[in-house]
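Peer 1: mind folding the following:
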Amino acid sequence: YTQAIASFPATPILDNFNRADGGVGSNALHTTMESGSTDTMVWGNSFGSDQEVYTTISAIDATATEVDLVLKEADRGDGWNLLEAWYQPQRGTVQIWTVHNWGTWIQHGADIPLTLQPGDQFGARAKADGTVEIYKNGTLVGSVSVASSWPSVASSGRVGVWLIDAPTTVLDDVGGGTLP
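Peer 2: Now for the predicted structure:
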């Protein structure tokens, strides 16, 4: 039995970037920028096996390679594990991908149609039973299962965002955590 969660999001904002410099707060575990093309921001807390992450899109680069939500991210000593909801603005889709122990990336399920505009909230939930749900402005737009092919399905981990080749994309109000 899985308890139904009444609304999305069900967890607090982790960073609203409301500082004089608009920078990342101290609760972020790491932020990286590589050659101006890749930005990653993951929060330091490890959240439970049922978790969500979300952000408000303030501006979006229509040619961005990836605007990703990261769930269950962990370096467990034997390798890197994570689940990502990969939004591709040029295609108008979200794909669910996982990696386990630095192995091969695997796409799960079919592409989920999605178009995001400035002001939209992009969100994802990953549950211990393998269900991954995608949300736009609090409304469920699609789901897939990773239960049969990802060993870390019931794991805990960190949440965050990941941008690739998205120099003019601006995110705000990143939130997430363990589902109630």
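
Peer 1: so what's T65 up against?
Peer 2: T65 sits next to 88, 164-166 when contact means C-beta atoms under 8 Å, 6 or more residues apart in numbering. Backbone N, C-alpha and C define where each C-beta goes, glycine included.

Peer 1: so which of the residues you listed are in helices?
Peer 2: In helices, defined here by DSSP state H, there are no members of the contacts of T65.

Peer 1: by neighbours, which of these wins?
Peer 2: A166 (24 neighbours; other C-beta atoms under 10 Å).

Peer 1: any idea how far it is from T11?
Peer 2: Taking C-beta to C-beta, to the nearest Å as the measure, A166 and T11 are separated by 24 Å.

Peer 1: separation between the residue lying closest to T178 once chain neighbours are set aside and R158?
Peer 2: Among residues not flanking T178 along the chain, G48 sits closest, at 3.6 Å (C-beta to C-beta, 6 or more residues apart in numbering). Using C-beta to C-beta, G48 is found at 11 Å from R158.

Peer 1: so what's the residue minimising distance to the centre of the chain scoring on pLDDT?
Peer 2: The residue lying closest to the centre of the chain (C-alpha atoms, centre = their mean) is L69, at 1.6 Å. We note a pLDDT of 97 for L69 in this prediction.

Peer 1: mind checking which helix or strand of the protein has the lowest mean pLDDT?
Peer 2: Every helix and strand in the chain was compared by mean pLDDT, DSSP states H and E; the lowest is strand 28-34, with a mean of 42.

Peer 1: tell me where the protein has strands.
Peer 2: Along the chain, the stretches classed as strands by DSSP state E are 13-15, 28-34, 38-43, 51-59, 66-75, 80-88, 93-99, 106-113, 121-126, 131-136, 139-145, 158-164, 170-178.

Peer 1: take these and write them to JSON lines, including distance to S7.
Peer 2: Converted to JSON lines, the strands of the chain look like this (distance: least, C-beta to C-beta, whole Å):
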{"stretch": "strand 13-15", "distance to S7": "15"}
{"stretch": "strand 28-34", "distance to S7": "26"}
{"stretch": "strand 38-43", "distance to S7": "21"}
{"stretch": "strand 51-59", "distance to S7": "11"}
{"stretch": "strand 66-75", "distance to S7": "18"}
{"stretch": "strand 80-88", "distance to S7": "19"}
{"stretch": "strand 93-99", "distance to S7": "20"}
{"stretch": "strand 106-113", "distance to S7": "20"}
{"stretch": "strand 121-126", "distance to S7": "11"}
{"stretch": "strand 131-136", "distance to S7": "10"}
{"stretch": "strand 139-145", "distance to S7": "10"}
{"stretch": "strand 158-164", "distance to S7": "18"}
{"stretch": "strand 170-178", "distance to S7": "13"}
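
Peer 1: among those, which is the most enclosed?
Peer 2: The highest average neighbour count among the strands of the chain, using mean count of other C-beta atoms under 10 Å, belongs to strand 121-126 at a mean of 26.
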